[in-house]
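**Q** I would like to see how this sequence folds:
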Amino acid sequence: MKKMTHSQLVALIEASKGAVIVGLQALTDARAKKTGNPFNLIEKRVRAVGFVGADYENAVNNEATRQGWEAEFKSEELPWGEWLVHGKVITHKGAYYLRTQTTPGNRRVQPARVLDYIADGYKTTREKIARFLPVAKEAAKQQKQTGIEKTIWVRTYKFDSIEKIRVGGETYELVK
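**A** Purely as a prediction, here's the structure:
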């Protein structure tokens, strides 16, 4: 497997015209509940596929149409960070983030999968930590503005958390 640095990934994404489909494997913070949780950190290793650089506002409006609604969804500015490559890469406090989005149809065909859970550095099972994991929710702003039930999911992955990424038919191990 080829290796790719963060700078090389930014350059590859920047050179890609329009939306790019990426597959990735990342080790992310599971954002576990703190109350009653004996663990300092619960992480999850996920494998996911998403679009990078797709027009978010357009995607939400198209999804509303597919679900039988007529709406004019308006997206807001980024709540944090700045676009380094608009719609694709965000920079914040010296770190890079890859923004992906998926539609309900994408998730039905290629759902994201949790490969492993790691609690305080040790592999564990979902059963042992389930009560501390947050429940996934649909995007309330999309639902309120459009009436849709199944929303466009936006996920932002810190480059440091990405272990592998597949772009343009090639798989790369991401290194600093």
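**Q** what's the neighbour count on the closest residue to residue 128 other than its chain neighbours?
**A** Using Cβ to Cβ, 6 or more residues apart in numbering and skipping the chain neighbours, the partner closest in space to residue 128 is residue 119 (7.4 Å). Where C-beta positions appear, they are placed from N, C-alpha and C, glycine not excepted. The number of residues packed near residue 119 is 20, by other Cβ atoms under 10 Å.
**Q** check residue 147 too.
**A** Neighbours of residue 147 under the rule other Cβ under 10 Å: 13.
**Q** same deal with the one 5 residues further on?
**A** The number of residues packed near residue 152 is 27, by other Cβ under 10 Å.
**Q** next one: it, what pLDDT does it get?
**A** Per-residue confidence (pLDDT) for residue 152: 91.
**Q** how much space separates it from residue 171?
**A** Separation of residue 152 from residue 171 (Cβ to Cβ, to the nearest Å) stands at 26 Å.
**Q** which residue ranges of the chain form helices?
**A** 6-15, 56-66, 104-109, 126-129, 140-146 (DSSP state H).
**Q** CA atoms of stretch 164-176 as CSV?
**A** Provided in CSV are the C-alpha atoms of stretch 164-176 (Å, rounded to 0.1, in the frame of the first residue of the first chain):
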residue,chain,number,x,y,z
LYS,A,164,-6.4,4.6,5.2
ILE,A,165,-8.1,6.4,2.3
ARG,A,166,-9.2,5.3,-1.1
VAL,A,167,-9.3,8.0,-3.8
GLY,A,168,-9.5,7.5,-7.5
GLY,A,169,-9.1,3.7,-7.3
GLU,A,170,-5.9,3.8,-5.2
THR,A,171,-5.7,3.1,-1.5
TYR,A,172,-3.2,5.0,0.6
GLU,A,173,-2.0,4.8,4.2
LEU,A,174,-2.1,8.3,5.6
VAL,A,175,1.0,9.5,7.4
LYS,A,176,2.0,12.9,8.9
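**Q** tell me the buried residues in it?
**A** Judged by neighbour count using 16 or more other Cβ atoms under 10 Å, the buried positions of stretch 164-176 are 165, 167, 172, 174.
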